[in-house]
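> below is the structure, and that's it, no one-letter string:
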């Protein structure tokens, strides 16, 4: 797009010159408009890639969209709020299953984000010390982050197999921790399996970000603190964590959104029908729309999920920013 | 100058938006065109031991077709786990292959999308007429009472594959004819890490195929005469319970099978870990796993009592693969020629021989290759005691909902939790409530 080809800079009449007034005005208009014009391509693409499908999704959620209409979804009959009332009727099986899936996802997200953050921060703090093999360890820590998600999760799925998997081989055959080999991919343990893979996959990102954040804390602060007699824990509490606050704010939010919406991990581990204990909401919605071909209900669930995430993100940002402002004062 | 730019910009926006909405709305051309007469895209389902093996089998045949007609066929072999999704996406966007394979149980569901070319008398005329095909195979090619949405390509039925040596070792003289026999024999075999029967507990379609047959044997169906779901009838509940009980109560299926979904039970069979599997045309896969043909035998799937026969004891679904043409193909003539080629007696013989299936084209069945003891069992089953899965538009949803319920019940059984008539009924009731109301 070449709308902004003409340079606006330098066109304005020099100060004091008695040029014609309209010309000066267009110059100013141009200068004000320039940033918007430069933003336009990005805005347009954003519109196409995100906003249009979102609007289509919202329209779909008000339609009775089944296999009879997917070829020409515009012709599907309107359903009003039926899809929504079906999704939130928590006494009926569809709503009940959605609510169950929602709670599973919340528990999963809290645990996964918490563990990712804890592991990432701990590792990053220890990696601040200069010791032999630090570079090697850092590289090793980042391996899960660098591996293609599918390959990694498929490998985990193999390791979690009951009869031939590595996990049971170690836990049962070698360590003798369980009476009989456990199931990891079906039944209640599937939640643990999912959590393990998610944390394994997610913590290196936390590690990377926290490590970057730590580079920005001036060494002098620590030196001053140790002169004042502050121990390691006190330094962590009074210097490291407060300094990392802006980094953590973004990190936790991003991890939260990624984990809450994670589709690949459960899909590769469990396939189309996840066990009840690990029925994450993304898979649940996928199943409601693509497997049972009930796209209207699936869209309604997606819109509800979007609203929930928007609210949580908004509240989170307000709370954390307020906290920071208070800290700044 | 500026005006042209603005116009250009808005033109770009409008055309992009139009493209987006067109993607969502699909195309409305019916019956295809002949805009690109020299090429065809073909989505083949995975029939052999691997996708590579399928490519090896099909490529020379496609070359033959190219030689005959000058039409180049672009082949893509798609694993079963992806196929339905891929077809659905193609139906939605209108950007699909010209010709494709579908599982015959999906026929009515896919027919409802309106994306597949209906096989009316005119289209059948171009491939030599409807009469060339076996009737039971045509019965699973679309909703009852309307033109088929596809043409049968490979036919299969379930049979009981048994390991001769393991039977001998356990002192069992022959394969069981009834479920009671199977359980009794199974108890003799199931010890020292050996198990009697293999199952794919986490494979939704496999679950459906077996509980469908058992339901038929209990005089029940999963849909009523109007095509409405009826999952909780006594017969249906008894069928699901009987199947899961093979693991939970009778203990003739290894608990580990509850998480099987990738044909692991066939590997166990080939490695002498399980003595029986209920499978459709396992020969090629067993060979690929290193088991020679004389190590296993084939018998009809057990029934409740007596022997399977016409009209009463159903012991298999009509399994098979159909071939469909995408309605908005750019090469409709070529697509019909290709279907004609693939259903010709020569190709039917070659391909069904390779895959170990039965040709649904009557004339091709005459070949002695389809008269081996193993294939004879399957042929007889198809002719006398197989029934097609319900040909209703919601069939694929039924597979998911009930298949998942059975998977969860298997998980309970494997964990040692009791599976009772009440718990089965509850799961099936939940499954039924998930079905679309219309």
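Arrived safely. Owing to the predicted nature of the structure, the values given are computational and were not obtained by experimental measurement. Residues are numbered from 1 along each chain as shown, chains lettered A, B, ... in the order given.

> skipping adjacent residues, who's closest to the residue minimising distance to the centre of chain B in space?
Computing the C-alpha centroid of chain B and ranking residues by CA atoms, centre = their mean puts residue B:103 first, at 4.3 Å. Nearest non-adjacent residue to residue B:103, counting by CB to CB, 6 or more residues apart in numbering or on different chains: residue B:321, 6.6 Å away. Backbone N, C-alpha and C define where each C-beta goes, glycine included.

> any idea of the pLDDT on the one you found?
pLDDT, residue B:321: 95.

> same deal with the one 5 residues further on?
As summarised for this prediction, residue B:326 has a pLDDT of 94.

> residues contacting it?
When contacts are counted by CB atoms under 8 Å, 6 or more residues apart in numbering or on different chains, residue B:326 touches B:32, B:90, B:96-100, B:115-117, B:335.

> in what helix or strand does residue 85 lie?
By default, I'm working from chain A. Assessed by DSSP states H and E, residue A:85 sits inside helix A:82-88.

> wait, chain B
Residue B:85 is part of helix B:80-93 when elements are defined by DSSP H and E.

> circling back to that earlier point, quick check: mean pLDDT across the helix holding residue A:85?
The average pLDDT for helix A:82-88 rounds to 92.

> for stretch B:404-424, same thing?
For stretch B:404-424, the per-residue pLDDT averages 95.

> now it, how far from the centre of its chain.
25 Å (CA atoms, centre = their mean, to the nearest Å).

> with chain A in mind, check whether that stretch reaches it.
Yes: using CB under 8 Å from any CB of the partner chain, stretch B:404-424 comes into contact with chain A via B:404, B:407-408, B:410-412, B:414-415.

> including secondary structure and distance to residue B:252, could those residues go into CSV?
What follows is the residues of stretch B:404-424 next to chain A, written out as CSV (DSSP: H, G, I helix; E, B strand; the rest coil; distance: CB to CB, whole Å):
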residue, secondary structure, distance to residue B:252
B:404, helix, 23
B:407, helix, 19
B:408, helix, 21
B:410, helix, 14
B:411, helix, 18
B:412, helix, 17
B:414, helix, 14
B:415, coil, 18
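
> return the set of buried residues in the helix holding residue A:85.
By 16 or more other CB atoms under 10 Å in any protein chain shown, the buried positions in helix A:82-88 come out as A:82-84, A:86-88.

> so how many other residues sit close to whichever residue of the stretch 1-150 of chain A sits closest to chain B?
Distances between the stretch 1-150 of chain A and chain B by CB to the nearest CB are smallest at residue A:93, namely 3.8 Å. Residue A:93: 14 surrounding residues under other CB atoms under 10 Å in any protein chain shown.

> was I right to think it contacts residue B:433?
Yes: counting by CB atoms under 8 Å, residue A:93 touches residue B:433, with 3.8 Å between them.

> how about the closest residue in space to residue B:341 that isn't next to it in sequence, what does it touch?
In space, and not counting its chain neighbours, residue B:341 is closest to residue B:65: 5.0 Å by CB to CB, 6+ apart. By CB under 8 Å, 6+ apart, the contact set of residue B:65 is B:71, B:73, B:338, B:341.

> and chain B, is the helix holding residue A:85 touching that?
No: counting by CB under 8 Å from any CB, chain B has no neighbours in helix A:82-88; the shortest distance is 9.0 Å.

> that helix packs against which elements?
With contacts taken as 3 or more CB pairs under 8 Å, 6 or more residues apart in numbering or on different chains; DSSP states H and E, helix A:82-88 sits against helix A:93-126, helix A:295-328.

> deepest of those helices, which one?
With neighbours defined as mean count of other CB atoms under 10 Å in any protein chain shown, the helices and strands packed on helix A:82-88 peak in mean count at helix A:93-126, which reaches a mean of 18.

> distance of the residue minimising distance to the centre of chain A relative to chain B?
Compute the mean C-alpha point of chain A, and by CA atoms, centre = their mean the closest residue is residue A:258, 1.9 Å away. Using CB to the nearest CB, to the nearest Å, residue A:258 is found at 23 Å from chain B.

> what about that residue, which helix or strand?
In this assignment (DSSP H and E), residue A:258 forms part of helix A:241-260.

> any buried residues in that helix, and which?
A:243-244, A:247-249, A:251-253, A:255-256, A:258-260.

> hmm, back to that, kindly indicate which of the contacts of residue B:326 lies nearest residue A:76.
Closest approach between the contacts of residue B:326 and residue A:76, by CB to CB: residue B:115, at 15.0 Å.

> run through the chain and note the low-pLDDT ranges.
Here I'm looking at chain A. By pLDDT under 70, the weakly predicted segments of chain A are A:1-25, A:323-329.

> wrong chain, I was asking about chain B
Residues of chain B that meet the criterion pLDDT under 70 lie in B:1-30, B:307-312, B:438.

> how about the residues of the stretch 251-400 of chain B that lie near chain A?
By the rule CB under 8 Å from any CB, the part of the stretch 251-400 of chain B lying against chain A is B:254-256, B:258-259, B:261, B:393, B:396-397, B:400.

> ok so, going back, tabulate the contacts of residue B:326 (JSON lines), appending secondary structure.
Converted to JSON lines, the contacts of residue B:326 look like this (DSSP: H, G, I helix; E, B strand; the rest coil):
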{"residue": "B:32", "secondary structure": "coil"}
{"residue": "B:90", "secondary structure": "helix"}
{"residue": "B:96", "secondary structure": "coil"}
{"residue": "B:97", "secondary structure": "coil"}
{"residue": "B:98", "secondary structure": "coil"}
{"residue": "B:99", "secondary structure": "strand"}
{"residue": "B:100", "secondary structure": "strand"}
{"residue": "B:115", "secondary structure": "coil"}
{"residue": "B:116", "secondary structure": "strand"}
{"residue": "B:117", "secondary structure": "coil"}
{"residue": "B:335", "secondary structure": "helix"}
